[in-house]
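*Asks:* predicted coordinates and the sequence they were generated for:
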Amino acid sequence: MITLQTLERWLTTPAETEQLEFKEAKQQYDTIKLLKYCVALANEGGGYLVLGVSDKAPRKVVGTQAFTTTAELNKIKAYIVEKLHFRVEVVEIEHADGRVLVFEVPARPLGHPVAYEGAYLMRAGEDLVPMTPDKLKRIFAESQPDWFTQIAKTNASAEEVIALLDTQMFFDLLKLPYPTNRDAVLDKLKGEGLIITKAAGWQITNLAAILLAKKLDAFSTSLARKAPRVVIYDGKNKLKTREDKPGNRGYAVGFESLVDFVHSAAPQNKFIEQAVREEVKMFPKQALRELIANALIHQDFSTSGSAVMIEMFDDRVEILNPGLPPISVDRFIDEYRSCNEKLAELMRRLGICEEKGSGVDKVVSAAEVYQLPAPAFRVGEMRTIAILFAHQDFASMSKDDRIRACYQHCCLQYVSNERMSNQTLRERFGVAESKAATISLIMGATKEAGLIKDDGAETKSTRYARYLPFWA
């Protein structure tokens, strides 16, 4: 039930969410806009459109005269049903600073996006935009059988199950002793939902194959194409390929060897070597491990003929996975939402990843320790890209490099219950106190870009100011 207390709580939210949209609408609110926002909120799982509240923080009630009479409210509710074919509840709240109107929008039906005049809409910041093909595809797939429960091999004998799946590695990763008989091995796989017993034999699921296959191409060509591929180039572009290595093992049983291979192929980090006097690879192994695990887990498995790609150049490594992320790349450090819960949960138990969302934190932290430029996270038309860059001197970094590093450092400080300051950012860049003015300029540019904000402490000195991420 939406009450005055509910409204007061909403006013303190740091930012609009997928379920919450504020509009001032002091005098009126456009009916077409209302319909479009109802569609977008329904497509994002349902939520609330709140009229009579400023949409900029700090939020305050300004009051609305939109749909003031009972007749007008009943008319707009009926119009929404007529145009969108779902019912929206409307709640009036009398606040001390004015009247507030809340439209409570239900979630769309499972597997069915909703549209207004043929347009499937979603929100993107302050705007309403057509839903991406990737997101539409995910919604339509909701009513289809889960990819991981689909069958990779039918009517397999017990001997075939053991021959096709690396059961020894499975038990090793779970840190369990290998059973003394085959039936106990099969019972464990069955208990995990990896194989299913039928009268004609065992059914091996896609989840079992993608994680534990000794050879993915022993199942099918389509599964073999889900294997990660590593391409190493000579130089900073794709003109000359030094090595092209497609994988063939399941993700869990082949993960460590994949990470080892990528790490060993990386160039040396001369900057760190001079400090520690030992050979050090350019890209931290922990960072590679986390990014590769994330790419494997969060890819879109419904996309045929595409797989995780790891491309290494002289000055960077790019890790690409098919599919778009469910959250903004700016929130990778503090938020976590898995696209493939079953895969994520089992890979966590197998020690491949941590399901609590600390992976990107570790990547950013490792980049700082190794004095590398801040990693970049980008979204293409149908894929997500994570980039680790080779070492660059501070003087060689572009303005975008510096702003990205400043924002990520601020996020890392915040999730560590600390605050970014001129001093902490100087330490992150490895520069002397004499560069304090330059660091202040970087923080100013990052603030101007809307990525950080003051922490609220009363100080006029940029040197002693402390900062928070924009979403904190």
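*Replies:* That came through fine.
*Asks:* and stretch 105-125, how far out from the chain's middle?
*Replies:* 21 Å (CA atoms, centre = their mean, to the nearest Å).
*Asks:* also stretch 179-195?
*Replies:* Chain-centre distance of stretch 179-195: 33 Å, with CA atoms, centre = their mean.
*Asks:* and that stretch, how far apart are its ends?
*Replies:* For stretch 179-195, the first-to-last residue distance is 17 Å (CA to CA, to the nearest Å).
*Asks:* hmm, who's touching it?
*Replies:* 149, 158, 161-162, 165, 167, 170-171, 178, 196-197, 202-205, 207-208, 211-212, 342, 346 (CB atoms under 8 Å, 6 or more residues apart in numbering). Quick note: C-beta positions are derived from backbone N, CA and C, even for glycine.
*Asks:* by mean pLDDT, point me to the weakest helix or strand of the protein.
*Replies:* Ranked by mean pLDDT, DSSP states H and E, the weakest helix or strand in the chain is helix 270-276, scoring a mean of 68.
*Asks:* tell me the mean pLDDT over the helix or strand following it?
*Replies:* Where DSSP states H and E defines the elements, the next helix or strand beyond helix 270-276 is helix 285-298. For helix 285-298, mean pLDDT rounds to 94.
*Asks:* what's the spacing between helix 285-298 and its chain's center?
*Replies:* Average the C-alpha atoms of helix 285-298, do the same for its chain, and the two points are 12 Å apart (CA atoms, centre = their mean).
*Asks:* are any of the contacts of stretch 179-195 buried, and which?
*Replies:* Buried members of the contacts of stretch 179-195, scored by 16 or more other CB atoms under 10 Å, are 161-162, 165, 167, 170, 202-205, 207-208, 211-212, 346.
*Asks:* show me where the stretch 351-472 of the chain has strands.
*Replies:* Remark: strands assigned in the stretch 351-472 of the chain by DSSP state E, counting those that start in this stretch are 376-379, 383-389, 420-421, 452-454, 466-469.
*Asks:* need phi/psi at residue 233.
*Replies:* Main-chain dihedrals, residue 233, degrees, to the nearest 10: phi -110, psi 150.
*Asks:* that one pairs with what?
*Replies:* Counting by DSSP bridges, residue 233 is bridged to residue 241.
*Asks:* which non-adjacent residue is nearest residue 107?
*Replies:* Once flanking residues are discounted, residue 107 sits nearest to residue 46: 3.6 Å by CB to CB, 6 or more residues apart in numbering.
*Asks:* now do the contacts for that neighbour.
*Replies:* Counting by CB under 8 Å, 6+ apart, residue 46 has contacts 19, 105-108.
*Asks:* same deal with residue 272?
*Replies:* Contacts of residue 272 by CB under 8 Å, 6+ apart are 280, 370-371, 391.
*Asks:* one more time with 6 Å, if that's ok
*Replies:* Applying CB atoms under 6 Å, 6 or more residues apart in numbering, we find residue 272 in contact with 280, 370.
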